[in-house]
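Undergrad: quick one: sequence and predicted model below, then my questions.
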Amino acid sequence: MAALLLVLSGCGGHVYHVVEPGETLYSVGWLYGHDYRELAKWNGIPPPYGVNVGQRLRVIPGDIVVFQPSLKAAASKPLPAVKESVTARALTPQVSSKSSADNRDITWQWPTQGKVLHYFSYSALNKGINITGKRGQPVFAAASGKVVYSGTGMVGMGNLIIINHSTQYLSAYAHNDENRVKEGQQVKRGELIASMGRSGGARQVMLHFEIRREGKPVDPMKFLPRKNR
């Protein structure tokens, strides 16, 4: 297959990502809108897909040739400091041969009560929905799964939780006042996972909720029960 040419400009054109403390392959994939298995393939990371602090990950496909207009200037810029690896975050995704079956079996529920302030929109760059409520209000798992990220490492998201529900679907819960689950923990649909807040620079108390299918954002309103809208 012929290589593709990608012209990158500005700070948004990332080719590599240096793993920060608290990050997992899931959270890095979420940040760049890729499935974690794609990142694993591009970087030669075998199961159980552990990454180390300071590790440099390619975040675009390996067959893309990158041309950077400001390459000379970029070359003179020092790379982020690579810290000594302190932990190998071994996470085992729920990959199985029955991918179609386990994705059909997912039953979704609303993650919290409240009014939807902002809906999913590609044009407005809102990759999920924002639900208002009171500080400390319970936030529940929208479907059963495994917690694959619980932390504050993603800029603008505050206390964030990511849950892996199947071979295709992940969900995320941002701006929490407090996360009440840990990475690796199995949760059931409707289980308390966090309290609502306004961490990460949110303008008001709210839950930012997303669903990703194979790493790509999808409209949560197409999955949540209609009767509660």
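TA: That came through fine.
Undergrad: use CA for all of it now, contacts and neighbours both
TA: Fine.
Undergrad: before we move on, what SS does the residue nearest the centre of the chain have?
TA: Most central residue of the chain, judged by C-alpha distance to the mean C-alpha position with CA atoms, centre = their mean, is Trp30 at 3.0 Å. Here Trp30 takes the helix state, with states given by DSSP: H, G, I helix; E, B strand; the rest coil.
Undergrad: hmm, Pro217 and it touching each other?
TA: No - taking CA atoms under 8 Å as the contact criterion, Trp30 and Pro217 are not neighbours in contact, 9.2 Å apart.
Undergrad: ok, back up a step: Gly200 versus the nearest residue to the residue nearest to the centre of the chain once chain neighbours are set aside, what's the distance?
TA: Nearest residue to Trp30 in three dimensions, chain neighbours excluded: Gly215, at 6.5 Å (CA to CA, 6 or more residues apart in numbering). In this structure, Gly215 and Gly200 are 22 Å apart, going by CA to CA, to the nearest Å.
Undergrad: the two: which is more packed in?
TA: When Gly215 is set against Gly200 and neighbours are counted by other CA atoms under 10 Å, the residue ahead is Gly215, at 21 against 18.
Undergrad: OK, contacts around the more buried one?
TA: 29-30, 33-36, 168-170 (CA atoms under 8 Å, 6 or more residues apart in numbering).
Undergrad: neighbour-wise, which one of those residues leads?
TA: Neighbour counts for the contacts of Gly215, by other CA under 10 Å, peak at Leu170, which reaches 26 neighbours.
Undergrad: who touches that residue in this structure?
TA: In this structure, Leu170 makes contact with 162-164, 211-213, 215, judged by CA under 8 Å, 6+ apart.
Undergrad: try 6 Å
TA: Residues in contact with Leu170, defined by CA atoms under 6 Å, 6 or more residues apart in numbering, are 163-164, 211-212.
Undergrad: one more: Val18?
TA: Neighbouring residues of Val18 by CA under 6 Å, 6+ apart: 54-56.
Undergrad: which phi and psi does the residue nearest to Trp30 have?
TA: Here is the backbone geometry of Gly215 (degrees, to the nearest 10): phi 90, psi -10.
Undergrad: adjust the sequence numbering to begin at 44 for everything that follows.
TA: From this message on, residue numbering opens at 44, which makes the last subject Gly258.
Undergrad: can you list the low-confidence ranges for this protein?
TA: Within the chain, the set of residues satisfying pLDDT under 70 comprises 44-56, 106-147, 167, 270-272.
Undergrad: what's the burial count for Arg269?
TA: When neighbours are counted by other CA under 10 Å, Arg269 registers 10.
Undergrad: correction: Ala185
TA: By the criterion of other CA under 10 Å, Ala185 has 29 neighbours.
Undergrad: same thing with the one 4 residues further on?
TA: Applying other CA under 10 Å, we find 22 residues neighbouring Lys189.
Undergrad: secondary structure class for it?
TA: With three-state DSSP as the criterion, Lys189 was assigned strand.
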